[in-house]
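1. Next input, structure requested:
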Amino acid sequence: MPRATSRARTGRTPIPSLPLRLISEDPAAPPRAETEPDGAAFEALFEHAGAMLAILDTEGRFLTVNPACTRVLGVEPSTLVGRSLLDLARSEAPPQALSLDGEPGENGIPREQLFDLLARHRHADGTWRWLLWSGAVHGDRWYASAKDITDWVKLEDRVGRDPLTRLPNKEVFLDEVTQALARNERTARSLGILFVDIDQLKQINDSIGHQAGDRLIAQVAERLRMAVRANDVVARLGGDEFGILVESLGEELEAVTVAGRALAALDDPIDLGTGLISVSASIGLSTAHSPTDTAASLIHQADIAMYEAKTSGRNRFAIFDAALRAELDRRLELERDLRSALEREELELRYQPIVAIGNGAVVGFEAHLHWDHAERGVVPLTELLPLAEQSGLIVPLGLWVTRTATEQVAAWRADGTDLFLALNVSPRQLADEGFVAGLKATLEAAKLPHRALAIELAEAAVLADPAKAATRLAELHELGVGLALDDFGAGYAPLRHLIELPFDAIKLNPSFIGELAATGTRASRAAVVAVVAAARELEISVFAEGIESMSQLEELRAVGCSAAQGPLFAPARPASEVTFERFATSDI
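-> The predicted model follows:
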């Protein structure tokens, strides 16, 4: 059910309009006209009105109730007389199910003359009914009407909740945090945001299957909900991410306590019906400190702190503090500089040769983005690419890289060199609806044959949205470009990706082959042999990257790897410094 507290305290209700109000008479108003209905008419209206009408005393106790309460709540009016509306709601529903529009007075009566109250009542048939009470306080009386909005609440429940966990979704969570920040302006208390990420869920899904993974997520959601305080809001932000709004904080330590309870809630293995599975989470915590804080900024800060917890070893929480704030400021400044560099074309592409292991010939080049920042120096790709991806700049940046690289390789091919171009594509680029059409237009403008382009995708780009990725890969395959699964062996990419998706090649991650020469163990060699053999059966080429030594090259040659790149041959260089000389084995 929705949290009525936050809605009513800001005057928002889950229905499009308020029910009829019974407004008290203004003593300063002019005398009634003689044509106004007499007391008998009002009594008839009270007795026969379709809405539930009531008069209550200063303690909120029913003095009289009209017969409509039998239809609304299934009880006789006499059963309510003498009972308190506030006590009735508090005793029959969770505390958050009752709220007033405005702060209550000392005796529970709202201070404002007009009021709205949303409460949950139990019907005589045992079901719960949500009633919106609206009315006025006049002297020592409440004059009120109630409207049954249960159907509206159920509708809001359906459209505002994650279907798997039944928790509020991201949109609702953002709205809840925004309202909480507005309430903070009127109080001296603060709020905190917990950003919860299930550790290694992707690997768990690969192991137990996505249906079991969904059951796992649902149980994690329930444990988180039970671990927090009654008035805290737990939401599913998407995938393996949850958000928790911790409100009314006297000090930051209270939010830390909630974070600790959330971690402890996952200590015991989860029973999925087919077996027990252990799971943990990484949690980031941010708290509101400034009037400029927004829901989006607090969630972003908590997200940054969560990554700090994850990189520190997982199954822990981290607090967004001065050091992380400084890092955020640095990243925001770097993002502005990157945007400016892209607009001014201050970026550069460098090209690393891809060499055929059999004869040492250069068969293609992989384009690498290079940014020599005026003040920071060279920004490493490990920082540059995540920054571009998270900021959304990866899409325009990818367009620039594609256009520049295709024009350059087309120019080299015009001189009679039969080369292909390898380009890395990120999850956000792949998800872009205009990606394939834009790629086709760029290839045609550069007069580069479609077959001369190989799109390299990391496993994350495929797993971000497998269904959409499959559709996009099919479109790219139909376009005629090559498709390579990059960094194979670095994660948990199952072989079914190679079977189900139209990949033409895989590129082995350096870590996968790093032990070939260093240890020379049968296990490390057997792993590479198995991958190459499986790929050969599927008619998929195998490349290797990060080759640093002659011994690694010889091992790759022995197991049947077709091409390689890395420092052993040449680093990525500006186009003006690229050479096409054959790398003879004896000259390396």
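
2. for Ala124, what are its contacts?
-> Shown in contact with Ala124 (CB atoms under 8 Å, 6 or more residues apart in numbering): 73-75. Bear in mind the C-beta positions are built from the backbone N, C-alpha and C, glycine included.

3. ok, of the residues you listed, which come out buried?
-> By neighbour count, with 16 or more other CB atoms under 10 Å, those hold Leu73 as buried.

4. what's the span of stretch 162-176 from first residue to last?
-> End-to-end distance for stretch 162-176: 15 Å, by CA to CA, to the nearest Å.

5. next one: it to chain centre, how far?
-> 11 Å (CA atoms, centre = their mean, to the nearest Å).

6. So what touches it?
-> Here stretch 162-176 makes contact (CB under 8 Å, 6+ apart) with 3, 6, 160-161, 214, 217-218, 221-222, 225, 233-238, 242-243, 245, 295-296, 299.

7. Just the buried subset of those, please.
-> Here, 16+ other CB under 10 Å leaves 3, 6, 160-161, 217-218, 221-222, 225, 233-237, 242-243, 245, 295, 299 buried among those.

8. Among the residues you listed, name the ones in helices.
-> Members of the buried ones among the contacts of stretch 162-176 lying in helices (criterion: DSSP state H): 6, 217-218, 221-222, 225, 295, 299.

9. Dump those to TSV, plus pLDDT.
-> Output for those, formatted as TSV (pLDDT from 0 to 100):
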residue	pLDDT
Ser6	33
Ile217	92
Ala218	90
Ala221	94
Glu222	93
Arg225	92
Ala295	94
Ile299	94
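
10. Give me the average confidence score over stretch 230-246.
-> Taken as a whole, stretch 230-246 has a mean pLDDT of 92.

11. Kindly format the C-alpha coordinates of it as PDB.
-> Output in PDB follows, covering the C-alpha atoms of stretch 230-246 (Å, rounded to 0.1, in the frame of the first residue of the first chain):
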ATOM      1  CA  ALA A 230       8.600   1.700  10.000                       C
ATOM      2  CA  ASN A 231       8.700   5.100   8.200                       C
ATOM      3  CA  ASP A 232      11.700   4.400   6.000                       C
ATOM      4  CA  VAL A 233      11.000   3.900   2.200                       C
ATOM      5  CA  VAL A 234      12.600   1.000   0.400                       C
ATOM      6  CA  ALA A 235      12.400   1.100  -3.400                       C
ATOM      7  CA  ARG A 236      13.800  -0.900  -6.300                       C
ATOM      8  CA  LEU A 237      15.800   1.400  -8.600                       C
ATOM      9  CA  GLY A 238      16.300  -1.200 -11.200                       C
ATOM     10  CA  GLY A 239      18.300  -4.400 -11.800                       C
ATOM     11  CA  ASP A 240      20.300  -5.200  -8.700                       C
ATOM     12  CA  GLU A 241      19.900  -1.800  -7.200                       C
ATOM     13  CA  PHE A 242      17.700  -0.600  -4.300                       C
ATOM     14  CA  GLY A 243      17.200   2.700  -2.600                       C
ATOM     15  CA  ILE A 244      16.300   3.400   1.000                       C
ATOM     16  CA  LEU A 245      15.100   6.800   2.200                       C
ATOM     17  CA  VAL A 246      15.900   7.200   5.900                       C
END
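
12. ok, residues contacting the helix or strand Ile499 falls within?
-> For Ile499, the element it lies in under DSSP states H and E is helix 496-500. For helix 496-500, the external contacting residues (CB under 8 Å, 6+ apart) are 459, 462, 470, 485, 503, 506, 534-535, 538, 540.

13. Highest neighbour count among these?
-> Counting neighbours by other CB atoms under 10 Å, Ile506 comes out on top of the contacts of helix 496-500 with 26 neighbours.

14. Next, work out how far apart that one and Leu56 are.
-> The gap separating Ile506 from Leu56 is 74 Å, by CB to CB, to the nearest Å.

15. who does the longest strand seen in the chain touch, helix- and strand-wise?
-> Longest strand of the chain, by residue count under DSSP state E: strand 128-138. Counting contacts by 3 or more CB pairs under 8 Å, 6 or more residues apart in numbering; DSSP states H and E, strand 128-138 is packed against helix 68-73, strand 114-122, strand 141-148, helix 150-159.

16. State whether Ala411 is indeed within a helix.
-> Yes: under DSSP: H, G, I helix; E, B strand; the rest coil, Ala411 sits within a helix.

17. how much space is there between it and Ala367?
-> From Ala411 over to Ala367 the distance is 14 Å, taken as CB to CB.

18. So for these two, which residue has more residues nearby?
-> Set side by side, Ala411 and Ala367 show more neighbours around Ala367, with 22 against 14, by other CB under 10 Å.

19. Next secondary structure element downstream of the helix or strand bottoming out on mean pLDDT in the chain?
-> Here the helix or strand of the chain ranked lowest by mean pLDDT, DSSP states H and E is helix 4-9, holding a mean of 33. Once helix 4-9 ends, the next helix or strand along the chain (criterion: DSSP H and E) is helix 39-48.

20. pLDDT on that next one, on average?
-> The pLDDT scores in helix 39-48 average 82.
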